[in-house]
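A.B. asks: need a structure here:
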Amino acid sequence: MGAIVFQGSTGDKELTIIDGQQRIATLSILAIAVIQKINELAQRDVEPAENAEREIILRRTFLGDKSPGSLRYSSKLFLNEN
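C.D. replies: Numbers count the residues shown, from 1 in each chain. Predicted coordinates:
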């Protein structure tokens, strides 16, 4: 089992995953599933305001956020072909 190795500049927060890409992708899919369940709870009026805030926090932390300049969503994870 390989380790996840990061390379890159921590100043611009751009890192390259040398080994462990599949694990990171799997964790991203898990985060999407959790966010979807939280969204479903909010739509069923189970703590709607709190769950909407949880969804935003999880989305920003694990998936990406809107760029203030372009107002487009940018993913934190970009997979390569290998």
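
A.B. asks: Go through this structure and flag its longest helix.
C.D. replies: Across the chain, the longest stretch assigned as helix under DSSP state H is helix 21-43.

A.B. asks: which residues sit in contact with residue 62?
C.D. replies: Residue 62 is in contact with 27-28, 31, 76, counting by C-beta atoms under 8 Å, 6 or more residues apart in numbering. Bear in mind the C-beta positions are built from the backbone N, C-alpha and C, glycine included.

A.B. asks: Now restrict those to buried residues only.
C.D. replies: Applying a neighbour-count criterion of 16 or more other C-beta atoms under 10 Å, the buried members of those are 28, 31.

A.B. asks: Turn the contacts of residue 62 into JSON lines, including distance to residue 51 and pLDDT.
C.D. replies: Conversion of those to JSON lines gives the following (distance: C-beta to C-beta, whole Å; pLDDT from 0 to 100):
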{"residue": "27", "distance to residue 51": "21", "pLDDT": "88"}
{"residue": "28", "distance to residue 51": "20", "pLDDT": "88"}
{"residue": "31", "distance to residue 51": "15", "pLDDT": "92"}
{"residue": "76", "distance to residue 51": "22", "pLDDT": "79"}
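
A.B. asks: Most widely separated two among the contacts of residue 62?
C.D. replies: Of all pairs drawn from those, the one with the largest separation by C-beta to C-beta is 27 and 76; the distance is 11.2 Å.

A.B. asks: now the helix or strand following the longest helix of the chain against helix 21-43, angle please.
C.D. replies: Later in the chain than helix 21-43, the nearest helix or strand by DSSP states H and E is helix 48-58. The directions of helix 48-58 and helix 21-43 differ by 160 degrees, with axes from the mean of the first three to the mean of the last three C-alpha atoms, to 10 degrees as the criterion.
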